[in-house]
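Undergrad: Curious how this folds, go ahead:
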Amino acid sequence: MIPFPLTWLYVPGDRPHVVAKALACGADVVVIDLEDAVAPDRKEYARAATVDLLSEPQPVQVHVRVNGTEGPWAAADLRATAGLPGVSGVRLPKVTSADEVVRAAEATGHRLYALLETALGIEHAHAIAAAHPALRGISLGEADLRADLGVRDDAGLDWCRSRVVVAARAAGLAPPPQSVHPDIRDLAGLAASCAHGRALGFLGRAAIHPRQLPIIERAYLPTEAELEQAETIVKAATTERGAQALPDGRFIDAAVVAAARRTLSSAARKP
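TA: Predicted coordinates:
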């Protein structure tokens, strides 16, 4: 299992042939969507097709985004995913409270990931992130959040983005991945948005088309300069204890060393 997934590809659960292609396209995690991508009259078919596929282990990590826990399909989705050997995680949409996470954890034995897509979810971000040991990550659903807040400019979401990054780290979770970039043709815009997300503390990104995957991975892989700097920090940390100065005058401590080691651990992904 990849310790720090960088690419999360969403595919509609009612299109098994698309799911099959997605499993071979190189994404770190394939997310089978039973929620927004599936029309109400296709929900049962999507669930049955997903159960059929995931009754066997898969060659990559596969998550299932179930329907919202307050809606009519969530309970059946959670029961259906319980015990499936091909499921690596369950993604809970539109989470607004810690109680939703606890109830979902009791219904399925899989790792959980919460999507915060409303103002209320953002307000409760840390409580949600710390709700249950089964919860392994939180992230934003920016399309719904933008609509809920009435935000017109992309920069208007930056406070919410930082809030989720801080909440995840405060709860001891991995840095969250960015939400999807909805224009699959705008690869330059995707790259610029990834650079901004990385600067805010995100790690990796969700995608809705395979052509977005290499852009995301390239944006989140460390550069040669970053790897060299990380090597310098780790090497210095093996020679002395406590805070210390590097030859260029920068001070390092345990937190800086831990971050450098995370950077080096991602180097194995580079071709």
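
Undergrad: Verify the stated contact: Ala167 with Ala131.
TA: No - contact between Ala167 and Ala131 fails when scored by C-beta atoms under 8 Å: they sit 11.2 Å apart. For every residue, glycine as well, the C-beta is placed using N, CA and C.

Undergrad: Identify each buried residue in the helix or strand Arg261 falls within, please.
TA: Element membership for Arg261, per DSSP states H and E: helix 254-265. Residues Val256, Val257, Ala260, Arg262, Thr263 are the ones in helix 254-265 that count as buried (16 or more other C-beta atoms under 10 Å).

Undergrad: what's the closest of the residues you listed to Glu106?
TA: Proximity of the buried residues of helix 254-265 to Glu106 (C-beta to C-beta) peaks at Arg262, which lies at 32.4 Å.

Undergrad: Apart from its neighbours in sequence, what residue is nearest that closest one?
TA: Once flanking residues are discounted, Arg262 sits nearest to Phe4: 7.4 Å by C-beta to C-beta, 6 or more residues apart in numbering.

Undergrad: quick one: secondary structure of that neighbour?
TA: For Phe4, the assignment made with DSSP: H, G, I helix; E, B strand; the rest coil gives coil.

Undergrad: That one and Pro176, how far apart?
TA: Distance, Phe4 to Pro176, by C-beta to C-beta, to the nearest Å: 12 Å.

Undergrad: any common contacting residues for these two?
TA: Leu203 (C-beta atoms under 8 Å, 6 or more residues apart in numbering).

Undergrad: Of these two, give the one with the bigger neighbour count.
TA: Between Phe4 and Pro176, Pro176 has the larger neighbour count (other C-beta atoms under 10 Å), namely 28 against 15.

Undergrad: which residues of the stretch 1-150 of the chain fall in helices?
TA: In the stretch 1-150 of the chain, the helices defined using DSSP state H, counting those that start in this stretch lie at 16-22, 43-54, 74-81, 98-107, 119-123, 125-129, 142-149.

Undergrad: Would you indicate which residues of the first one are buried?
TA: It stands for helix 16-22. Residues of helix 16-22 classed as buried by neighbour count (16+ other C-beta under 10 Å): Pro16, Val19, Ala22.

Undergrad: Dump the residues you listed to JSON lines, plus pLDDT.
TA: Shown next, in JSON lines, are the buried residues of helix 16-22 (pLDDT from 0 to 100):
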{"residue": "Pro16", "pLDDT": "95"}
{"residue": "Val19", "pLDDT": "97"}
{"residue": "Ala22", "pLDDT": "97"}
